[in-house]
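J.: below: sequence and its predicted model.
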Amino acid sequence: MPDLVAPLFHKTYMSVGDIAEACENRKIAYTARQLYQFIADWNSRPENREEMLKGLPSASNTIFQQAAIATVLHALCDRDNMPLPVWARDVKNPTEITLDGIEISENDFGSLVKAEAPMVCTEHNVYFEASEMDKGTDRPVTI
């Protein structure tokens, strides 16, 4: 007898295309949460990384969302020797900002995040602390 009940979820991770679609018309904090989960999934499911790289942001995504996705991908791909998707190479936010939406100035929390960010963040003007790249691993995430 055939299985008449379809599974609720066909995969246990999101691809770049899934994230881009989920973030359309959403606030910065939502985009950050999706990307932090993407990092955890990337780290805990290395066998799915090629699939996770599929898709790209659309015109419905803000430049911040496109640059945020690009900077996280760039940092992860560099660290793990994966090819960076071509679309992600030249996406840059017009101003310096953290992944959580804090604008960076000389004397604030954003500048502290920038100081602890992976070097590739400068190419996209979106910064997050390098320790966030340990999400989904056994290594402790520092606060």
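T.: Now that the structure is in, tell me what you want to look at. It should be emphasised that the depicted structure is a prediction, and the values quoted were computed from it without experimental measurement.
J.: give me the below-cutoff pLDDT ranges for the chain.
T.: For the chain, residues meeting the criterion pLDDT under 70 lie at 1-11, 106-107, 139-143.
J.: any idea how far residue 24 is from residue 55?
T.: Going from residue 24 to residue 55 by Cβ to Cβ, to the nearest Å gives 13 Å. All C-beta atoms are positioned from the backbone trio N, CA, C, and that covers glycine.
J.: now do residue 33
T.: 18 Å.
J.: pick out whichever of residue 24 and residue 55 has more residues nearby.
T.: More neighbours surround residue 55 than the other of residue 24 and residue 55, with 18 against 14 (other Cβ atoms under 10 Å).
J.: please, where are all the helices along this structure?
T.: Residue ranges of the helices in the chain, as given by DSSP state H, are 16-23, 28-44, 49-52, 63-79, 109-115.
J.: for residue 123, which of those helices is the nearest?
T.: Nearest to residue 123 among those is helix 63-79 (6.7 Å), distances taken as Cβ to Cβ.
J.: ok, residues contacting the closest one?
T.: Helix 63-79 is contacted by residues 16, 19-20, 23, 28, 31-32, 35, 38-39, 42, 53, 57, 61, 82-85, 87-89, 91-94, 97, 99, 101, 118, 120-121, 123-128, 130, 133 when judged by Cβ atoms under 8 Å, 6 or more residues apart in numbering.
J.: I am finished for the moment; much appreciated.
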